[in-house]
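Enquirer: Using only what follows, build the 3D model:
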Amino acid sequence: MEIEILAIYLSPDHDFRGHHGNPRGNNPILHPDSVECVAGQGLVGDRYFGYKDDYKGQITFFDEAVHLAAQDALNCYDTPPEAYRRNILTRGIDLNTLIDTTFRIGDATFKGSQECAPCYWMDEAFCPGMEEFLKGRGGLRARILTGGTLTKGPAHLEIKSS
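Expert: Okay, the predicted model is just below:
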């Protein structure tokens, strides 16, 4: 299946995690053209790299179609998709179909672990109503099974198993 990696987002530290009851952080979001995926560890340069053994969110994916639908539904057009704090912005795949599925993009292999459930911070990061809108379509968390490099642009996604 042909998909497209539209953007790669990395952040060296947390804006929301660990900030409950306090203001969000203000860490930069990096926009590299490619990123190294390390099996069992995460993305080199990202805040969750080496977070903990078998972490289910070593990499996160988000669908551009959901972003566009959210903009229209909530009439919020000023916030870019990096505000969701997901790593890989894709086009061409319903990410929920990859939950509990092993798949390969380029030379890296992943196992979809669960939906990226939205939290109350989404209303601040994007606009009011976003947390509710994203329920059931908040993106995909995955484990990295085989390392490799993801690069912006057209990509081939191969489903390995369910």
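
Enquirer: For this structure, just list every one of the strands.
Expert: Assigned by DSSP state E, the chain shows strands spanning 2-8, 34-38, 42-43, 59-63, 88-91, 102-105, 108-115, 140-146, 148-151, 153-161.

Enquirer: Figure out which of those is closest to residue 74.
Expert: Among those, strand 59-63 comes nearest to residue 74, with 15.9 Å by C-beta to C-beta. Using the backbone N, CA and C atoms, a C-beta is placed for each residue, glycine as well.

Enquirer: What is that closest one packed up against?
Expert: Using 3 or more C-beta pairs under 8 Å, 6 or more residues apart in numbering; DSSP states H and E, the elements in contact with strand 59-63 are strand 88-91, strand 140-146.

Enquirer: hmm, back to that, how about the strands of the chain in CSV, adding distance to residue 53?
Expert: Listed next are these as CSV, based on distance: least, C-beta to C-beta, whole Å:
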stretch, distance to residue 53
strand 2-8, 24
strand 34-38, 13
strand 42-43, 12
strand 59-63, 16
strand 88-91, 22
strand 102-105, 19
strand 108-115, 14
strand 140-146, 11
strand 148-151, 20
strand 153-161, 22
